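Output the structure for:
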Amino acid sequence: MALTEDFTFQLNGGVILNSSVATTFVDIEKVVGLDNAPFRETIRDHEGADGGFMDAEFEKGREIVLEGVVYGVTETYLDSLKANYAPVATPVPFNFKASAEVNERLLYVKPRGCRYDWELARRIGKTPIQFLMYAEDPRIYEAAGIITIVNYGGDVTNGLAFNAGFNVNFGGGATPGGGSVTNTGNRDTPVTFVVTGPITDPVISNTTTGHTLNFSITLGVGQTLTVNTRDRTVYLDGTINRRNTLTTPDWFFLIPGVNNIGFGGLTGTGSTLSISFRSAWR
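So this is what the prediction gives:
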């Protein structure tokens, strides 16, 4: 369920924090970790000269802390918060709605529990509280995902894995047709492709950036090949690992703005390509 009020927070479909419609509620007073994720920095001296070098190309995971006060506190309500923020094996969505100028966004986090003490204020129904989370993936995503389906864009010849990259960049030859998608965020975002057969040796390219993924596999009618560029996985029919069919591992994300995606193969009339992603922000 989408968040409808500004400055509200929700972990994995659980208790909505900062809601104004409940008699027992959490008023969030401080949020830490939704600014820039910490950079992974390496600093070293420049031998034999003044100055030095600094590498800060990548980001670390985010530590996220919400601090607030529970009003109208009951033990049952605290039990629900503790259950909501209990540890999990796989990251879950943490949704938040900032001001009305932007859409709802999310991070994928591992909750680290909630913390509160029994203090004097508990007698009058108030308890200060903290919520702790960690986002292994520092990207902030649009909560609403985008799925675009494009039809087979044309036949390509054997050996295109090498020639496509050269020809696209320098103007020779042609690449298969497809469609365009738009990453409305301000950073590159991973994408999941699902090829649905019939197709032989599918080719997926981002002609905007000049990257191409080539596969050596034949899919029958209704068979699927799922390609996740974030995890760098390839699965046949959702469960069978077929990473070995990828002959050109030129992995790519979608850059901010318009991305033109080409889709073809040796043969493949009637096949489709599903393009699934969320726009991403720093």
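
mind showing which ranges of the stretch 101-250 of the chain have poor pLDDT?
Residue ranges of the stretch 101-250 of the chain with pLDDT under 70: 157-175.

What sits closest to Ser180 if chain neighbours are left out?
Residue nearest to Ser180 in three dimensions, not counting chain neighbours: Asn260, with 4.9 Å by C-beta to C-beta, 6 or more residues apart in numbering. Where C-beta positions appear, they are placed from N, C-alpha and C, glycine not excepted.

actually Leu81, sorry about that
Counting by C-beta to C-beta, 6+ apart, Leu81 lies nearest to Cys114, which is 5.1 Å off, once chain neighbours are set aside.

secondary structure class for that neighbour?
Of the three states, Cys114 takes strand according to DSSP: H, G, I helix; E, B strand; the rest coil.

So it sits against Ala83, correct?
No: using C-beta atoms under 8 Å, Cys114 is not in contact with Ala83, being 9.8 Å away.

so Ser20 makes contact with Glu5?
Yes: look at Ser20 against Glu5 with C-beta under 8 Å: they come within range, at 6.3 Å.

Domain boundaries for this structure, per the record?
What the record gives for the chain is the domain set 8-142, 146-281, from automatic domain parsing.

and the longest one, how far from the chain's centre?
Read that as domain 146-281. Taking C-alpha atoms, centre = their mean, to the nearest Å, one finds domain 146-281 lying 18 Å from the centre of the chain it belongs to.

ok, which stretches of the chain are helices?
For the chain, the helices defined by DSSP state H cover 75-84, 160-170.

How far away from the center of its chain is the first one?
Remark: helix 75-84 is offset 29 Å from the chain centroid, using C-alpha atoms, centre = their mean.

show me the contacts for Leu11.
Asn84, Tyr85, Val92, Pro93, Phe94, Asn95, Val109, Pro111, Phe131, Met133 (C-beta atoms under 8 Å, 6 or more residues apart in numbering).

Repeat that for Lys110.
Counting by C-beta under 8 Å, 6+ apart, Lys110 has contacts Pro87, Val88, Pro91, Val92, Met133, Tyr134, Ala135, Glu136.

Tell me which two in those are the farthest apart.
Pro87 and Ala135 (14.5 Å; C-beta to C-beta).

Which one's more surrounded, those two?
Taking other C-beta atoms under 10 Å, Pro87 and Ala135 do not tie; Ala135 has more neighbours (22 against 8).
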